[in-house]
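Enquirer: this one's sequence-less:
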């Protein structure tokens, strides 16, 4: 166990001296402990270099396993403390946009359904991809379950151009035929797919200029402020479509081959409350899809459930 504790500190710090300082031992003691562990495994765990160390492939495997173990212990201790205080916690790894524009408008309803649950968030500004370490649930675009994750399918990736009703009205084609006023687009940097392909008319001047943001929460906020037309990911903007604060800019929907999933680590102990929160989120999102379909049947959203 001492060897594993020492190895974890050295791997995390990337330096034997820093690990020694953290463990209150000498760098030589750290080096000896690591050497004993490498001899025991008959495999090098670190590449020694001037100024620090790097994990070998074997070292990375061991480090990842130890990190997951420590995380599980930390979560268990936190859960014990929470239960003593009469509160259960569920930690979500989701985008800032989903938290701002989907979770927050529903917090009252969530608290009514789960009065003894405290939600905690690991927020992502960029693409929602990758593993879901150190959390109970993570919303990701993924094919499904894999060797590390269980997956609960939510919906396909559904994209709809959105804007405020007033913006749409001011940019409609008039009945007598002056052409549609050029629109401003509000873009997410590095967004996939390229949403400009929604504008399929091929006419010059359909778009006059655009704004680009790195955080999708700001993209949606700009659309709510009437700054232009944004690409709406339905799993994020469904609340605003239901309240009609935002409306489809055109009757055009794109469904990609990506799938929105709720992921959970396989080696993390299953807690009943986590599964209940997962089911609640998925149920609420499906209610959103049906409500949007009722308001805008021309989009044919219901058939995607």
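Expert: On my side now, so go ahead. On a predicted model such as this, the values are computed, not experimentally measured, just so you know. Numbers count the residues shown, from 1 in each chain.

Enquirer: Give me the three-state assignment for residue 222.
Expert: helix (DSSP: H, G, I helix; E, B strand; the rest coil).

Enquirer: Which of the helices or strands spans the most centrally placed residue in the chain?
Expert: Compute the mean C-alpha point of the chain, and by Cα atoms, centre = their mean the closest residue is residue 94, 3.2 Å away. Assigned by DSSP states H and E, residue 94 falls within strand 88-95.

Enquirer: quick one: contacts of stretch 251-263?
Expert: By Cβ atoms under 8 Å, 6 or more residues apart in numbering, the list of residues contacting stretch 251-263 from outside reads 132, 137-144, 149-161, 193, 198, 200, 235, 278, 281-282, 296, 298-301, 304. In short, each C-beta sits where N, CA and C put it, glycine included.

Enquirer: Now restrict those residues to buried residues only.
Expert: Among the contacts of stretch 251-263, those classed as buried by 16 or more other Cβ atoms under 10 Å are 132, 137-142, 149, 151-152, 154-161, 198, 235, 278, 281-282, 296, 299, 301.

Enquirer: Just the ones in strands from the contacts of stretch 251-263, please.
Expert: The strands, defined by DSSP state E, take in 137-141, 149-161 from the contacts of stretch 251-263.

Enquirer: For the longest helix along the chain, name the packing helices and strands.
Expert: Using DSSP state H to define each element, the chain has its longest helix at helix 57-84. Helix 57-84 sits against helix 2-13, strand 88-95, with contacts defined as 3 or more Cβ pairs under 8 Å, 6 or more residues apart in numbering; DSSP states H and E.

Enquirer: hmm, 10 Å instead?
Expert: helix 2-13, helix 27-41, strand 46-49, strand 52-55, strand 88-95, strand 117-124, strand 254-265 (3 or more Cβ pairs under 10 Å, 6 or more residues apart in numbering; DSSP states H and E).

Enquirer: Next, the buried residues of that helix.
Expert: By neighbour count with 16+ other Cβ under 10 Å, helix 57-84 contains the buried residues 59, 62-63, 66, 68, 71, 75, 79.

Enquirer: I am finished for the moment; much appreciated.
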